[in-house]
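In: Everything below, folded, please.
(2 chains, ligands or ions: 6)
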Amino acid sequence: MENDNLLVVENLKKYYPINASVLGKAKSFVKAVDDVSFTIKRGTTMGLVGESGCGKTTVGRTILRLHDVTGGTVMFKGRDLAKLSKKELRSLRPHMQMIFQDPYSSLSPRMPVGEIIGEAVRTHNIVPKSQYQSYIRKVMKDCGLQPQYFYRYPHEFSGGQRQRICIARAVALNPEFIICDEPVSALDVSIQAQIINLMKDLQTQFGYTYLFISHDLSVVEHISDTIGVMYLGNLVETGDKAKIFANPMHPYTKALLSAVPMPDPDMKMNRIILKGDIPSPANPPSGCKFRTRCQYCMDVCEKEVPQFREYEPGHRVACHLYSQE
Amino acid sequence: MAVLNKFKKKKIQGVDDTEYLTLRDERRISKENAKITREFERNKARKNVPESEYLSQMRDSRNVVEFDDLHTYFYTDIGTVKAVDGVTYDVPQGTTVGIVGESGCGKSVTSLSLMQLVQAPQGQIVSGEIRYLASDGKCYNIAKMPRSEMLHIRGKEISMIFQEPMTSLNPVFTIGEQMDEVVLLHEEGATAESAKAHSIEMLQLVGIAMPDKVYASYPHELSGGMRQRVMIAMALSCGPRLIIADEPTTALDVTIQAQILDLLRGIKDKINGSIMLITHDLGVIAEMADYVVVMYAGRIIEKGTVREIFHTPKHPYTVGLMRSKPSVNKAVDRLYSIPGQVPNPINMPNHCYFKNRCEKCTEKCGGEYPPMLQFSPTHFAACYLYEEDRDAVYFDALTGKKSE
Ligand SMILES: Nc1ncnc2c1ncn2[C@@H]1O[C@H](COP(=O)(O)OP(=O)(O)OP(=O)(O)O)[C@@H](O)[C@H]1O
Ligand SMILES: Nc1ncnc2c1ncn2[C@@H]1O[C@H](COP(=O)(O)OP(=O)(O)O)[C@@H](O)[C@H]1O
Ligand code: SF4
Ligand code: SF4
Ligand SMILES: [Mg+2]
Ligand SMILES: [Mg+2]
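Out: Ligands and ions are numbered 1, 2, ... in the order given. This next block holds a predicted model:
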């Protein structure tokens, strides 16, 4: 069923200009996101993984049109977000929310918590005025914040509680789709677990759809239904979580999975240690961008960009190893 | 005045508490602090201290470092923070000791105490010994050592690698200049040429492909992984007996982390030294450490060999930590989560610090702080659960394996 898909992203591109000359004409670009396509089914979670600087945050911000789109389409509930006017976007805003990595800088220090959570609720008239107070208190409770914190300020809260405030602020608008950009990366393990559980509970209760961005594969495995692996602005592999973890195909995915330290001293890992660093996205290698670090690199990898092809139903991979047969 | 005080209250507690300090309290505390810290500072600055004052005896000559009931406090305006409150553990020669615990539990302050780098004057080692077996065969008590003497040890025999290499590298000097400086400072008779040759050799040792190029670069020209390699090269430069690595890979990506951990492992054998590895990542600990120390709110709540800690953890906090970490290839519906948060470091309770978050809590736990119980020659935990039966198994489900 087509309308099962809440979000369909096709050939999404976002280039940032660098070395802009005096006249404002850019000489070259950082291709932060370069031809990325994926879909997310309603009520499911897609995990987006990859190393820092590979473009995960940019994908999230571009989908929400927090900045302009260089190319491609983003179909959200059947409408192309990339082409909507500012005004049309405004009316759609409450349906799509974003939660950020740093719960410290994303909260205004001068507003009490109740006001932070409720500000947008009022602007968008989510509930009638008479129910405003009780509604915010209910949202706070849903997110594990005691309603009596309504008049406290953000600096009085711990990191985990601040992240709850950020979640409450998003949830209060009654959204359908939430992009979570490294929401637990800045938190301690024991607090991470509380926040992840909260996000799963809210999903079960309200049917949210998540795009969950993280570099922590164990967290992503826990929370996602499908997974996308990014490298230097490209998706190199997507598929069901089970398929990706049981049968990673792209050499980068394999290396990434094998690099996760296992909390078991007796587990001897067959670790693939990649050579070198991630190349600069301003000047990526030709052909397959991963070839400078790939142990299977062939002649064709330098010349041709591998196609992002479906290898088995629901499992796509971009690598020449799987393109000839 | 009373009116003024009412308006200028300063909160000292978390959101759940309602205690306030008045301005006058604050001024009084700050005055008392100044008196205490002045005394400490005067002691440290003394010249010509007889060596006997800071010589000590190792409990076991196979250890490089022994922390013995170490207390390091911060005298702040809102009260005394007992950042390290009675910490005792050993670092045996040639091993890696992992230190885990949540943010703020005192991991870094413990290691900074060993380096005499705790932020003075408010931060002070209040009591306890840090015994260090130096290369000259003598055992020094670093807690009592005068600052001038410490210069021979810090950076030479004990060196440190930090989480964010950018903050510990000087942006206006090249890598080479900074590396040479360390050599020239610590190696007698080193010349500019010999220092350069040595630095380049070190860069090679940590797997940098073009050492000459990196030698001439500035820190900002390098990637995070490269900078961390440079930091390691610098730390190795004087042939240390102990390397303290404080979250050395936390700021790095997993694939780069794998490279750096691999490097650290190899290095330890090459220099035949020991590593103190501070991290909150249990995976990194399991992979790297021989011994593990688990800290909670300034104290050690459990320590043992890596197998003891991962296969038969005793303390409910250790177990909670392990269960709350999602793990690849281990599907659970819901993560275990430890409720609540770490208590406020000022005004710690006088019962078990973990009590308000512990699901195994019994009547006894309201009593005084639990004693350290011994389970094997190497395994210790501070928890009342095991007072009667040391072999009790409360957390079988954790590993899925039958623990004996
Ligand atoms: N300069 C300072 N002044 C006052 N208090 C301090 C200072 N440095 C550390 N502390 C306090 O000492 C305690 C222990 O801090 P420490 O840095 O050792 O934590 P940690 O375990 O290394 O945490 P993390 O994982 O966040 O690095 C904390 O309560 C902290 O607030
Ligand atoms: N506002 C910007 N201007 C220029 N370049 C940017 C900007 N934001 C991000 N980039 C670049 O785009 C690339 C992808 O960044 P980002 O999406 O933040 O990565 P991730 O979230 O995966 O760490 C990086 O090379 C980054 O330096
Ligand atoms: S296309 Fe070639 S270089 Fe790229 S991942 Fe596949 S085998 Fe490696
Ligand atoms: S002493 Fe009691 S409260 Fe403390 S950890 Fe053990 S069982 Fe829990
Ligand atoms: Mg990001
Ligand atoms: Mg620290």
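
In: residue boundaries of the strands in the chain?
Out: You didn't pick a chain, so chain A it is. With DSSP state E, the ranges of strands along chain A come out as A:5-18, A:28-41, A:45-49, A:71-76, A:79-80, A:96-99, A:177-181, A:209-213, A:226-231, A:234-240, A:309-312, A:315-317.

In: you looked at the wrong chain, it should be chain B
Out: Assigned by DSSP E, chain B shows strands spanning B:10-11, B:20-21, B:63-76, B:79-92, B:96-100, B:123-133, B:139-141, B:158-161, B:242-246, B:274-278, B:291-296, B:299-305, B:372-374, B:380-382.

In: any chance of those in TSV, with mean pLDDT, mean neighbour count and distance to B:Tyr336 too?
Out: For glycine as for every other residue, the C-beta is placed from the backbone atoms N, C-alpha and C. Output for those, formatted as TSV (pLDDT from 0 to 100; neighbours: other C-beta atoms under 10 Å in any protein chain shown; distance: least, C-beta to C-beta, whole Å):
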stretch	mean pLDDT	mean neighbour count	distance to B:Tyr336
strand B:10-11	43	13	32
strand B:20-21	68	17	36
strand B:63-76	94	21	31
strand B:79-92	93	21	27
strand B:96-100	96	26	17
strand B:123-133	95	21	34
strand B:139-141	95	19	42
strand B:158-161	92	25	32
strand B:242-246	93	23	27
strand B:274-278	95	25	24
strand B:291-296	96	24	16
strand B:299-305	97	24	17
strand B:372-374	96	15	24
strand B:380-382	97	23	19
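
In: Can you add distance to A:Gln295 and give these back as CSV?
Out: Putting the strands of chain B into CSV (distance: least, C-beta to C-beta, whole Å) gives the following:
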stretch, distance to A:Gln295
strand B:10-11, 56
strand B:20-21, 61
strand B:63-76, 39
strand B:79-92, 37
strand B:96-100, 28
strand B:123-133, 44
strand B:139-141, 48
strand B:158-161, 29
strand B:242-246, 28
strand B:274-278, 29
strand B:291-296, 33
strand B:299-305, 35
strand B:372-374, 48
strand B:380-382, 44
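
In: could I get the ones you listed as JSON lines with distance to ligand 4?
Out: Output for the strands of chain B, formatted as JSON lines (distance: least, C-beta to the nearest ligand atom, whole Å):
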{"stretch": "strand B:10-11", "distance to ligand 4": "27"}
{"stretch": "strand B:20-21", "distance to ligand 4": "29"}
{"stretch": "strand B:63-76", "distance to ligand 4": "20"}
{"stretch": "strand B:79-92", "distance to ligand 4": "15"}
{"stretch": "strand B:96-100", "distance to ligand 4": "16"}
{"stretch": "strand B:123-133", "distance to ligand 4": "23"}
{"stretch": "strand B:139-141", "distance to ligand 4": "32"}
{"stretch": "strand B:158-161", "distance to ligand 4": "32"}
{"stretch": "strand B:242-246", "distance to ligand 4": "27"}
{"stretch": "strand B:274-278", "distance to ligand 4": "23"}
{"stretch": "strand B:291-296", "distance to ligand 4": "9"}
{"stretch": "strand B:299-305", "distance to ligand 4": "7"}
{"stretch": "strand B:372-374", "distance to ligand 4": "10"}
{"stretch": "strand B:380-382", "distance to ligand 4": "7"}
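
In: can you tell me which residues contact residue 109?
Out: You didn't say which chain, so I picked chain A. A:153-155 (C-beta atoms under 8 Å, 6 or more residues apart in numbering or on different chains).

In: My question was about chain B, not that one.
Out: Contact analysis of B:Val109 by C-beta under 8 Å, 6+ apart lists B:72, B:83-84, B:118, B:123.

In: One more pass at 6 Å, please.
Out: Residues in contact with B:Val109 (C-beta atoms under 6 Å, 6 or more residues apart in numbering or on different chains) are B:72, B:83-84.

In: can you check A:Ser190 too?
Out: The contact partners of A:Ser190, by C-beta under 6 Å, 6+ apart, come to B:324, B:338.

In: so A:Leu235 touches A:Ile227, yeah?
Out: No. With contact defined as C-beta atoms under 6 Å, A:Leu235 does not count as touching A:Ile227 (10.2 Å).

In: Determine the number of other residues adjacent to residue 174.
Out: Went with chain A since none was named. Residues near A:Asn174, counting by other C-beta atoms under 10 Å in any protein chain shown, number 17.

In: if you could check chain B rather than the one you did, that'd help
Out: 16.

In: got a list of what it touches?
Out: Residues near B:Thr174 by C-beta under 6 Å, 6+ apart: B:216, B:218.

In: quick one, phi psi at it?
Out: Main-chain torsions, B:Thr174, degrees, to the nearest 10: phi -70, psi 160.

In: Give me the nearest residue to the closest residue to ligand 2 within chain B, chain neighbours excluded.
Out: Using C-beta to the nearest ligand atom, B:Asp253 is the residue of chain B that sits closest to ligand 2, at 9.2 Å. Leaving aside its chain neighbours, B:Asp253 sits nearest to A:Glu51 (3.9 Å; criterion: C-beta to C-beta, 6 or more residues apart in numbering or on different chains).

In: Could you do A:Gln146 as well?
Out: The shortest distance from A:Gln146 to any non-neighbouring residue, by C-beta to C-beta, 6+ apart, is to A:Met140 (7.3 Å).

In: Let me know whether the one you found touches A:Pro147 as I believe.
Out: Yes. The pair A:Met140 and A:Pro147 passes the contact test of C-beta under 6 Å, sitting 5.1 Å apart.

In: When the two are compared, which one has more neighbours?
Out: A:Met140 (24 against 14).

In: Quick check: the gap between that one and A:Ala193.
Out: For A:Met140, the distance to A:Ala193 equals 20 Å [C-beta to C-beta, to the nearest Å].

In: can you check B:Met145 too?
Out: Taking C-beta to C-beta, one finds B:Met145 at 42 Å from A:Ala193.

In: Stretch A:149-159 vs ligand 1: in contact?
Out: No. Using C-beta under 6 Å from any ligand atom, stretch A:149-159 stays clear of ligand 1, coming no nearer than 10.2 Å.

In: now stretch B:90-100
Out: No. With C-beta under 6 Å from any ligand atom as the criterion, ligand 1 is not reached by stretch B:90-100; the gap is at least 8.2 Å.

In: Residues touching that stretch, excluding its own?
Out: B:62-66, B:107, B:274-278, B:285, B:288-294.

In: roughly how far out does it sit from the chain middle?
Out: Stretch B:90-100 sits 11 Å away from the centroid of its parent chain (C-alpha atoms, centre = their mean, to the nearest Å).

In: and what of stretch A:298-312?
Out: For stretch A:298-312, the distance to the chain centre is 25 Å (C-alpha atoms, centre = their mean).

In: what sits against A:Phe290?
Out: Each residue near A:Phe290 by C-beta under 6 Å, 6+ apart is listed here: A:231, A:252.
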